[in-house]
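*Asks:* sequence-free structure coming up:
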C-alpha cells in the first residue's frame, strides 16, 4: 500500500471530498475522470504517457552522450517524481537548498548536488547532521569565494568538541560576468581551489557552471556556451596540474533545461583521472508549452531529433461566464498557474457533457490573469465557448506552477486519475 504524508484533504486545493489523501490505491480505485467533472476546476494535472516518455527520453539522451543525470528537484519538489527519476536511472538529484535536499534523501537519493553556495550556520548544521545520519550520502555544494571558505571554517571551529568529522565536499563554480554567482576568471578560480585544498574541512570534487542565462534561441548560443565550457576546462586542467582535487573521480557539471545539449562536450573532457559529466536539467520531466518548448525546437535542430520531450503538465479550467461577445472568464488564475514568463496557452477544449478532447480554435488566447480568473479572448464572429465547457491550458516554466499545488493527479490518456503526486514547497 503506497502511503503519502499529506495535510488533511480539507487543506488540499480541490482534492476530492470523501477520499483519504493517504493511500494512492484508494484514490485510483475511485476511477475519477476529468471529463466527468469528478474533480473540481481549476486543476493542475500530469499526463501519464507524456511523463513516462520524458523520463525515458532524457535518460536515453544522457546515456547516448556519455553523461550522468542529476535532475534539478526544485522544479517539482515531489518525492514521488524524484523516485521515478531515480528508478529511470538518474545518478543523483540536484537542489538549490538543504531544505529541498531532504525531500530527495527521503526519495532515496544518495548523491546530491546543491547547485548553490551553502553559507548559513543553520544550513551547515543541517548538512553535517544529514551526513552523520546517512553514512552512504554524498553531497556537493558550490564554492565561489575565499570568504565563503573562511566562513565555513570559522563555523566549524565554533562547534562543540563532540562535533567530530566535519567534512564537506564542494564544487568550484565558474560564473558569467554580470550574471549569477561563480568565479569570474581563471586566476580567481585557481586561487580559490588552492585555498580549498589547504582546508581541513572542505574537499574539492570538481567544477560546476550554469549556462542557462546564455540562452537566446539564436546561433550565438553555441559560441557563448563554448566559451563558458572552455573556461571550465581550463580551470579543471590547471587544478589537476596542481593536484588541487581531492577525489578519484572528478565531477564536471552543468545543464539547465534550455540549452543542455550544448554543454555536453565540456562535460566529457579527458584529465588525469576519470571525469563524470553531470547534467542537472530539471524541467524535462514535464516540459511545457512555452519557453522550454521554444528552446527545444533549437535542440531538435542541432541534434537532428525526430522524437523529443512532450508537455506533460496542464491546467484544466471551466468556462464560468461569457459576459460579452469575444470574452469568456475561466476558473483559474495567478494562484493556480505560471505567469512569470508568458501567459498560459489554450491547448485543448472539452465541451460540456462530452468525453473527448478537441483542438481549440486557433484564435483563442489568454490575454490576462487575475488571482482567480483567466481572460479568454476569441473572435466575436467565430466559434465561442459556452458556460460549462472545459478549457485546457498549457503553461510556460513548470517550476512556478508546481509550487502552487500541494498535490496533482496523474491522468491516463482517457482522463482517468490513476494516481497522484505530492509536493514539498
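*Replies:* On my side now, so go ahead. These numbers come from a predicted model, not from an experiment.
*Asks:* Can you name the residues bridging to residue 328?
*Replies:* As for beta bridges, residue 328 partners with residue 376 under DSSP bridges.
*Asks:* What segments of the protein are helices?
*Replies:* Counting by DSSP state H, the chain has helices at residues 24-29, 48-65, 79-87, 98-107, 121-133, 146-158, 186-197, 220-241, 260-267, 291-303, 399-402.
*Asks:* what's the shortest one packed up against?
*Replies:* What it means is helix 399-402. Judged by 3 or more CB pairs under 8 Å, 6 or more residues apart in numbering; DSSP states H and E, helix 399-402 is in contact with strand 313-324. Every C-beta, even on glycine, is put in place using the N, C-alpha and C of the backbone.
*Asks:* strands paired with the strand it packs on, and their directions?
*Replies:* strand 43-47 (antiparallel), strand 327-331 (antiparallel), strand 390-394 (antiparallel).
*Asks:* Check what contacts the second one and list those residues.
*Replies:* Yep, that's strand 327-331 we're talking about. 41-42, 317-323, 366, 372-378, 384-385, 391, 393 (CB atoms under 8 Å, 6 or more residues apart in numbering).
*Asks:* domain assignment for the chain?
*Replies:* Domain assignment for the chain by automatic domain parsing gives 9-47+309-422, 49-294.
*Asks:* Turn those into JSON lines, including mean neighbour count and mean pLDDT.
*Replies:* Shown next, in JSON lines, are the domains of the chain (neighbours: other CB atoms under 10 Å; pLDDT from 0 to 100):
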{"stretch": "domain 9-47+309-422", "mean neighbour count": "18", "mean pLDDT": "94"}
{"stretch": "domain 49-294", "mean neighbour count": "19", "mean pLDDT": "96"}
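*Asks:* so can I have CSV of those showing distance to residue 302?
*Replies:* CSV is the format used below for the domains of the chain (distance: least, CB to CB, whole Å):
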stretch, distance to residue 302
domain 9-47+309-422, 14
domain 49-294, 6
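*Asks:* sorry, back to before: adding distance to residue 35, write the strands paired with strand 313-324 out as JSON lines.
*Replies:* Shown next, in JSON lines, are those (distance: least, CB to CB, whole Å):
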{"stretch": "strand 43-47", "distance to residue 35": "12"}
{"stretch": "strand 327-331", "distance to residue 35": "16"}
{"stretch": "strand 390-394", "distance to residue 35": "8"}
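*Asks:* which one of the ones you listed lies closest to residue 353?
*Replies:* Residue 353 lies closest to strand 390-394 among those, at 10.2 Å (CB to CB).
*Asks:* just the angle between that closest one and helix 291-303, please?
*Replies:* For strand 390-394 against helix 291-303, the angle by axes from the mean of the first three to the mean of the last three CA atoms, to 10 degrees is 50 degrees.
*Asks:* Off-centre distance for strand 390-394?
*Replies:* 23 Å (CA atoms, centre = their mean, to the nearest Å).
*Asks:* what do you get for stretch 310-321?
*Replies:* The answer for stretch 310-321 is 21 Å, by CA atoms, centre = their mean.
*Asks:* Would you agree residue 84 is in contact with residue 54?
*Replies:* No. Using CB atoms under 8 Å, residue 84 makes no contact with residue 54, being 10.0 Å away.
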